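Q: Using only what follows, build the 3D model:
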Amino acid sequence: MKKIAVYTGFMTDAYREKINETAAAAGFAADYYDSARGTAALEANLEEYEIIYGHIAPALLKGAKNLKWLCSDFAGIEGYLDESVWPHPGCLLSNSSGAYGPTIAEHIVMLALMLLRRMPEYLPALARREWPYHTPIRSINGSHVVMLGTGDIGSHTARRMKALGASVTGVCRSGKSGEPAFGRVLPVNELDAVLPTADLLIMALPATPETAGILTRERIALLPPSAYVINVGRGAAIDQEALVDALQARRLAGAGLDVMVPEPLPADHPLWSCPNTIITPHISGNMSLGLTCDLDVAMFCRDLTRYGAGELPENLVDRTKGY
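A: The predicted model follows:
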């Protein structure tokens with residue numbers, strides 16, 4: 001029987017049962033490896049598998065000589081875009097974009113509310129047991145959100161921001177989106193025109209050559225001093241030195257950063273001491289929310305059914321584009 005390697009750190013009996021049932025219907029049997037215990041067991045058996053579900057080190061892929069499909073349980077797949085890591089060019093790659101939207105959107109809302117309600121100023125004082133009163137504060141209601149990236153994360157965020165009373169402008173490569181929560185959607189070449197109107201610039205971009213450094217020093221300067229920047233995509237999308245300069249000079253109101261360069265951020269990095277800046281250690285996604293795990297497994301099983309029927313996965317990645 002054809003075989004699947006499941007290489008994750010979040011398996012439960014219920015997930016195994018669901019995967020086993022789906023695999024059997026598609027003519028496969030699944031073996032399970034705990035990614036938290038390392039790669040040695042999987043590495044020893046790589047040649048056995050036609051399908052791998054999980055996020056294995058790209059350097060291991062060459063050993064999977066019979067691999068036909070890698071389904072990453074992550075949304076970010078930049079490590080797999082180098083064709084030289086694959087055992088042969090016909091291997092399919094899919095990701096789990098669609099599983100992370102709810103949890104990352106909630107993280108974005110948390111950062112936005114903390115920044116607008118001045119929590120970076122309150123928290124140090126409260127830790128000293130002081131009793132400050134900072135006014136005025138600001139609201140999401142009535143704010144203009146510029147959402148750079150209109151995919152799964154951007155769409156989930158737009159729905160929540162709209163529900164809280166914001167107007168949301170999406171910006172993406174195509175300038176198109178089917179998500180009705182966006183008031184309008186613009187192509188990237190119109191980003192400069194909309195930045196001066198942003199109360200919140202939220203970035204949820206994949207790592208591609210086109211997105212690297214997209215928020216340049218010049219574009220940071222286009223933002224009004226009252227704007228906040230939130231980034232949950234990739235740190236490389238921002239000219240980080242320019243962002244530090246703007247925050248330190250208070251030419252921006254603040255920032256909420258879940259991604260940065262490098263990671264982990266060194267203890268002496270100037271971002272740590274920028275005013276009104278919240279740093280979280282790349283935790284907006286991951287598998288910490290049960291719903292994310294539920295969605296991830298459901299998406300794999302849906303694509304496994306398609307694969308067994310001779311169809312391509314819905315979440316197929318075009319490695320030439322990076323998404």
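Q: lowest average confidence, helix or strand, in the chain?
A: The helix or strand of the chain with the poorest confidence is helix 40-44; it has a mean of 92 (mean pLDDT, DSSP states H and E).
Q: what about it, distance to the chain center?
A: Centroid displacement of helix 40-44 relative to its chain, using Cα atoms, centre = their mean, to the nearest Å, is 28 Å.
Q: and if you look at stretch 144-158?
A: The answer for stretch 144-158 is 12 Å, by Cα atoms, centre = their mean.
Q: do the same with stretch 91-110
A: In terms of Cα atoms, centre = their mean, the centre of stretch 91-110 is set 6 Å apart from its chain centre.
Q: again with stretch 49-68
A: 23 Å.
Q: All the strands of the stretch 51-200 of the chain, in order from the start?
A: For the stretch 51-200 of the chain, the strands defined by DSSP state E, counting those that start in this stretch occupy 51-54, 69-71, 92-94, 144-148, 167-172, 184-187, 200-203.
Q: and the first one, what other elements does it pack with?
A: What it means is strand 51-54. Where contact means 3 or more Cβ pairs under 8 Å, 6 or more residues apart in numbering; DSSP states H and E, strand 51-54 is packed against strand 2-8, strand 69-71, helix 290-308. C-beta: built from backbone N, CA, C; applies to glycine.
Q: what sits up against the shortest one?
A: Put plainly, it is strand 69-71. Taking contacts as Cβ atoms under 8 Å, 6 or more residues apart in numbering, the residues outside strand 69-71 that touch it are 50-54, 56, 61, 80, 91-96, 300, 303-304, 307, 313, 315.
Q: now with 10 Å?
A: By Cβ atoms under 10 Å, 6 or more residues apart in numbering, the residues outside strand 69-71 that reach it are 4-6, 49-56, 58, 61, 64, 77, 80, 86, 90-96, 296, 299-300, 303-304, 307, 312-313, 315-317.
Q: Quick one: buried ones out of those residues?
A: 4-6, 49, 51-56, 58, 61, 64, 77, 80, 86, 91-96, 296, 299-300, 303-304, 307, 313, 315, 317 (16 or more other Cβ atoms under 10 Å).
Q: from memory Thr39 sits against Ile56, does it?
A: Yes. Thr39 lies in contact with Ile56 (Cβ atoms under 10 Å); the separation is 6.8 Å.
Q: overlap in contacts of these two?
A: In contact with both Thr39 and Ile56: 7, 33, 46, using Cβ under 10 Å, 6+ apart.
Q: and Tyr15, how far is that from Gly76?
A: Tyr15 sits 21 Å away from Gly76, going by Cβ to Cβ, to the nearest Å.
Q: scratch that, Ser96
A: Counting by Cβ to Cβ - Ser96 and Gly76 are separated by 10 Å.
Q: my guess is Ser288 meets Glu106, correct?
A: No. Counting by Cβ under 10 Å, Glu106 is not a contact partner of Ser288; they are 11.3 Å apart.
Q: what about the two, which has more around it?
A: When Ser288 and Glu106 are compared for neighbours, Glu106 comes out ahead with 16 against 11, by other Cβ atoms under 10 Å.
Q: So what pairs up with the closest residue in space to Val317 that isn't next to it in sequence in the strands?
A: Spatial nearest neighbour of Val317, chain neighbours left out: Leu93 (4.5 Å); criterion: Cβ to Cβ, 6 or more residues apart in numbering. Under DSSP bridges, the beta-bridge partners of Leu93 are Leu70.
Q: List the residues that contact Thr12.
A: 18, 290, 293-294, 297.
Q: Out of those residues, which comes closest to Arg138?
A: The closest of the contacts of Thr12 to Arg138 turns out to be Gly290 (Cβ to Cβ; 32.6 Å).
Q: Tell me the predicted confidence for the closest one.
A: Looking at Gly290, its pLDDT is 94.
Q: show me the contacts for it.
A: Gly290 neighbours (Cβ under 10 Å, 6+ apart): 10, 12, 103.
Q: which residues touch the least confident helix or strand of the chain?
A: The contact list for helix 40-44 (Cβ under 10 Å, 6+ apart) reads 5-7, 31-35, 48-49, 52, 54, 56-57, 60, 63-64.
Q: got a list of what the spatially most central residue of the chain touches?
A: Note on the chain: the residue nearest the mean C-alpha position is Gly233, at 4.9 Å, using Cα atoms, centre = their mean. Taking Cβ under 10 Å, 6+ apart, we find Gly233 in contact with 75-76, 104, 148-149, 151, 153-154, 202-207, 211, 214, 258-259, 284.
Q: Return the subset of those lying in helices.
A: Residues of the contacts of Gly233 located in helices (DSSP state H): 104, 153-154.
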